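Asker: quick one: sequence plus predicted model below, questions after.
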Amino acid sequence: MIQAKSVVGLSGVIIVLCSVACSLGIFSFLGWEATLIVIEVVPFLVLAVGVDNIYILVQALQKDPPKSVSQVPQQISIVFGRIGPSMLLSACCETVAFSLGAMSSMPAVRNFSLYAALAVFVNFLLQCTAFLSVITWDLKRQMSGKYDCFCCLGNQDSERSSNRKGVVSVVIEKYWAPALFSSKCIRGAVVALFFFISCASIGMMNRIEIGLDQTVALPTYSYLGDYYRDIFSQLRVGPPVYFVFHNNDYTWQRFPKRTAQDEICMGRSCNSSSALNFLKRQSQISNYSTIATPPNSWLDDYFTWLDPTFECCRTYFNGTFCPSTDRSSTCYSCLRKSDGERPPDHSFFKHLPAFLSDNPNADYCSKGGHALYADAVEFAYGKSRITDQPVAIKAAYFQSYHTPLHTSRDFIKAYRRALDIAEEMSSQVSNMTVYPYSVFYLFYEQYLTITDETIINLLLCIMSVFLMSFILLGFNLGPALITTVTVAMITVDMFGLMYLWNITLNAVSLVNLVMSVGISVEFSSHIVKSFTTSKAVGRMDKAYDALVRTGPSVLSGITLTKFVGIVVLAFAKSQIFEIFYFRMYLGIVILGALHSLVFLPTLLSFIGFTNNFAAASKTHYEPTHLKDVSPTDSGVNVREDVSPPVNAARYAGYKPSFLSPQLDAYRKPTAPPLDSYRQPALYTPLPRQDSLYSTPATCKPPSKPPSKPPTQDQSVGGSRSPSTSSRSTTKSGASVVVSTMTDNDFGATESFSDIRKYGVAV
């Protein structure tokens, strides 16, 4: 009960909810719409980031607890000083990445990016303030022997602090890390395997389907599923398509002229290259054009309706329109037979409104346009509008039908073909623009540009990760590149997973891909930051140390906690949750965990940059106070003139020292007491050691410096001045020369150049 952290865990979850609520409240106040994607995805993202930071903070305090209640604030300050930069790195990378994602032209992606950026940033601020206060209170409670949920009760005799390692820490430290770093061949095979998977995923990218089937958005028990399946299997005609002719400058007063009519109509006397004749020819190649029928032309039907032979257009004696169904009254034909097939220019607009309002009649006149063309024409009237007769036409459409469309690929193809046809029709008419419209275009227009949107958004996010990593890692190019490469590989592998799991590319999956960049930063940035700040020496030791220290937090904070919540989505009744949330979330967590716990440490062991404080120093140190330390190629500084080569000692049949608990010996060398060697009259102090791995200082009375450099025999086996040397043998049989610097090396008449000259380790 005393060691429990239920209040701390609950506080972390409440902070996540508060950050999401803050983001929703601010952007809702500013007028940005909160879509369903925002409500579903942003809490998952912020919870992944927040829980990971909570685990890192709590585990760091468990490894280095305070000694008393009074030391709790100071100890939390020290621990947060070590963990805070890593949290800042991941929070800034994710915030900037999501902010750049708001540049997308897709509303769903733009709104998600804005809400996610603010939620992640607010969560970081709350963790740096409110959550630290909760941890401080909880540590004081624990040090005082109080129970977790009942802080008023306690047991003063019980254990108040525990340094016991968790199961995850034990598994990684004792089993996983030694197995991963046991052989150079294993590490090389791991890196090669992950790069091969990424290359294979790149090859699968262009095979991913685009779109979102309507049946996927329905629950499995919905009756609409059967309806859509019957429609796709039984219906032999597709949705209607309208080709709209828009007047660019409202000068369709020229439309009554025969030349303007010839550019559009498709009758016998029309141009063969007219717009509607071109559309008619496209209907004859429906397998390619997806246009199933010739267009319904109100213009040609209007000419037929005006023909006196059909007796459709008639007027009363006073000039008003006489319907074709009125056979009791005396009505007169609108046109004389001498006018020809088309109306004169002055009477084109006079009878057109009557044609559009005339109901068709099978007995007398079937060409009435009210049923089919009631809203096909938009008129323009004069400024004063003295009469109801229009003076121009602003826009008009001509209707056709698509072929039967079943899948998202069919709908997208139909829309693309309609756009191409409309562009060609625009070139057939002068001073007009033609564009297509159908009821499903509104939903499928996004898929015309979703490929470019995906590439641009992901590249912007990854570039921002590199930029922020480069800045916050102290303008260190190497770790920033490694972080960016890891994030990019996780994103690329997500595309391969989408192809294998039949996940289509749409707004929902694009939002999840943008989110995967943020979670990938959370997986990789802590490992890289731990590598750069590790006090171990060399790539191997630093990579192993980073995996042992940070790996448990990554595995516990993100992988295991998210895995439990994701499994619940597998039982959802809606297919959209099962496909786009369960599968993609599971893929993000698995790929992130594998890259952070398997690929990233092995990659750092090969090309990790070791330019830490000790390595950047001009002084080289030798591990003289370590017992049973084997020379390795990971950066432990031994003399280069040792034979056989020190690199052969790593795999010579013994367990390397960096895989054992003796790794702590690199951090905490024990120096002999200075008082036992000190002579007050002759004591000369040494310069301050600038590394935790430096040889502890010993003090002796100054002696006369050597007049010549030591010989080869003296430097290897015999007595040596000004520094003492000894030969030690490792378990593999390799001999190592270990030298210890003394005060005698820094006499009054000796300079650093003399020390380098005589071979003393500097």
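Answerer: Okay, I see it.
Asker: may I see the buried residues of the longest strand along the chain?
Answerer: In terms of residue count, the longest strand belonging to the chain (DSSP state E) is strand 392-401. Neighbour-count burial for strand 392-401 flags 392-393, 395-401 (criterion: 16 or more other Cβ atoms under 10 Å). Where you see a C-beta, it was placed from the backbone N, CA and C, and this is true even at glycine.
Asker: any idea which residue of this structure is furthest from its center?
Answerer: residue 330 (76.1 Å; Cα atoms, centre = their mean).
Asker: tell me the contacts of the residue nearest to residue 242 when sequence neighbours are not counted?
Answerer: With sequence-adjacent residues excluded and distances taken as Cβ to Cβ, 6 or more residues apart in numbering, residue 242 is closest to residue 397, at 4.3 Å. By Cβ atoms under 8 Å, 6 or more residues apart in numbering, the contact set of residue 397 is 242-245, 376, 437.
Asker: next one: residue 135
Answerer: Applying Cβ under 8 Å, 6+ apart, one finds that residue 135 lies in contact with 8, 57-58, 61, 76.
Asker: now swap in residue 557 and tell me
Answerer: 51-56.
Asker: correct me if wrong: residue 286 contacts residue 280.
Answerer: No. Judged on Cβ atoms under 8 Å, residue 286 makes no contact with residue 280 at a distance of 11.7 Å.
Asker: can you tell me the helix or strand for residue 433?
Answerer: Using DSSP states H and E, residue 433 sits in strand 432-437.
Asker: and the next helix-or-strand element following that strand, which residues are buried?
Answerer: Later in the chain than strand 432-437, the nearest helix or strand by DSSP H and E is helix 441-444. Residues of helix 441-444 classed as buried by neighbour count (16+ other Cβ under 10 Å): 441, 444.
Asker: can you check the distance spanned by stretch 588-600, start to finish?
Answerer: Chord length of stretch 588-600, first to last residue, is 16 Å (Cα to Cα, to the nearest Å).
Asker: contacts made by it with the rest, please.
Answerer: By Cβ under 8 Å, 6+ apart, stretch 588-600 touches 172, 176, 180, 190-191, 194, 482, 486, 489-490, 493-494, 497, 512, 515-516, 519-520, 522-524, 526-528, 547, 551, 554-555, 558-559, 562-563, 566.
Asker: quick one: mean pLDDT for it?
Answerer: Averaging pLDDT along stretch 588-600 gives 92.
Asker: stretch 107-119 too?
Answerer: On average, the pLDDT along stretch 107-119 is 86.
Asker: ok, residues contacting that stretch?
Answerer: By Cβ under 8 Å, 6+ apart, stretch 107-119 touches 19-20, 22-24, 26-27, 32-35, 37-38, 41-42, 45-46, 94-96, 98-104, 453, 457, 507-508, 510-511, 514-515, 518.
Asker: return that stretch as PDB; C-alpha atoms alone will do.
Answerer: Only the C-alpha atoms of stretch 107-119 are listed here, as PDB (Å, rounded to 0.1, in the frame of the first residue of the first chain):
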ATOM      1  CA  PRO A 107     -10.100  19.900 -43.500                       C
ATOM      2  CA  ALA A 108      -9.900  16.700 -41.500                       C
ATOM      3  CA  VAL A 109      -6.100  16.600 -41.500                       C
ATOM      4  CA  ARG A 110      -5.900  20.400 -40.800                       C
ATOM      5  CA  ASN A 111      -8.300  20.300 -37.800                       C
ATOM      6  CA  PHE A 112      -6.600  17.200 -36.300                       C
ATOM      7  CA  SER A 113      -3.200  18.700 -36.600                       C
ATOM      8  CA  LEU A 114      -4.200  21.900 -34.800                       C
ATOM      9  CA  TYR A 115      -6.000  20.200 -32.000                       C
ATOM     10  CA  ALA A 116      -3.100  17.600 -31.600                       C
ATOM     11  CA  ALA A 117      -0.400  20.300 -31.500                       C
ATOM     12  CA  LEU A 118      -2.000  22.300 -28.800                       C
ATOM     13  CA  ALA A 119      -3.000  19.200 -26.800                       C
END
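Asker: pull out the buried residues from that stretch.
Answerer: Residues of stretch 107-119 classed as buried by neighbour count (16+ other Cβ under 10 Å): 108-119.
Asker: just those now: which is nearest residue 441?
Answerer: The closest of these to residue 441 turns out to be residue 108 (Cβ to Cβ; 17.4 Å).
Asker: roughly how far does that closest one sit from residue 446?
Answerer: 8 Å (Cβ to Cβ, to the nearest Å).
Asker: intersection of neighbour lists for these two?
Answerer: Shared contacts of residue 108 and residue 446 (Cβ under 8 Å, 6+ apart): residue 507.
Asker: let me see the contact set for the nearest residue to residue 304 once chain neighbours are set aside.
Answerer: Once flanking residues are discounted, residue 304 sits nearest to residue 367: 5.2 Å by Cβ to Cβ, 6+ apart. By Cβ under 8 Å, 6+ apart, the contact set of residue 367 is 301, 304-305, 310, 312, 360.
Asker: so among these, where is pLDDT lowest?
Answerer: Among those, residue 310 has the lowest pLDDT, at 79.
Asker: that one contacts residue 365, doesn't it?
Answerer: Yes. Counting by Cβ under 8 Å, residue 310 touches residue 365, with 6.1 Å between them.
Asker: more neighbours: these two, which one.
Answerer: residue 365 (20 against 15; other Cβ atoms under 10 Å).
Asker: look up which residues are beta-bridged to the more buried one.
Answerer: Per DSSP bridges, the residues bridged to residue 365 are residue 361.
Asker: that one and residue 326, how far apart?
Answerer: Applying Cβ to Cβ to residue 365 and residue 326 gives a distance of 11 Å.
Asker: quick one: secondary structure of the residue lying closest to residue 585 once chain neighbours are set aside?
Answerer: In space, and not counting its chain neighbours, residue 585 is closest to residue 566: 4.8 Å by Cβ to Cβ, 6+ apart. Assigned by DSSP: H, G, I helix; E, B strand; the rest coil, the conformation of residue 566 is helix.
Asker: if we can go back for a sec, got the buried residues for the strand holding residue 433?
Answerer: So for strand 432-437, counting by 16+ other Cβ under 10 Å, buried means 432, 434-436.
Asker: can you tell me which of the contacts of residue 135 has the most neighbours?
Answerer: Top of these by neighbour count (other Cβ under 10 Å): residue 57, with 24 neighbours.
Asker: surely that residue touches residue 83?
Answerer: Yes. Residue 57 lies in contact with residue 83 (Cβ under 8 Å); the separation is 5.7 Å.
Asker: helices along the stretch 51-200 of the chain, start to end?
Answerer: With helices called from DSSP state H, counting those that start in this stretch, the stretch 51-200 of the chain shows them at 72-101, 107-126, 132-143, 167-171, 177-180, 184-204.
Asker: what do you get for the stretch 451-600 of the chain?
Answerer: 477-500, 507-532, 539-554, 561-569, 575-577, 584-594, 600-607.
Asker: make JSON lines from these and add mean neighbour count to it.
Answerer: Shown next, in JSON lines, are the helices of the stretch 451-600 of the chain (neighbours: other Cβ atoms under 10 Å):
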{"stretch": "helix 477-500", "mean neighbour count": "22"}
{"stretch": "helix 507-532", "mean neighbour count": "26"}
{"stretch": "helix 539-554", "mean neighbour count": "25"}
{"stretch": "helix 561-569", "mean neighbour count": "15"}
{"stretch": "helix 575-577", "mean neighbour count": "17"}
{"stretch": "helix 584-594", "mean neighbour count": "22"}
{"stretch": "helix 600-607", "mean neighbour count": "23"}
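Asker: where among those is average confidence lowest?
Answerer: helix 561-569 (a mean of 77).
Asker: contacts for that one?
Answerer: Contacts of helix 561-569 (Cβ under 8 Å, 6+ apart): 44, 47-48, 51, 577-578, 581-582, 585-586, 589.
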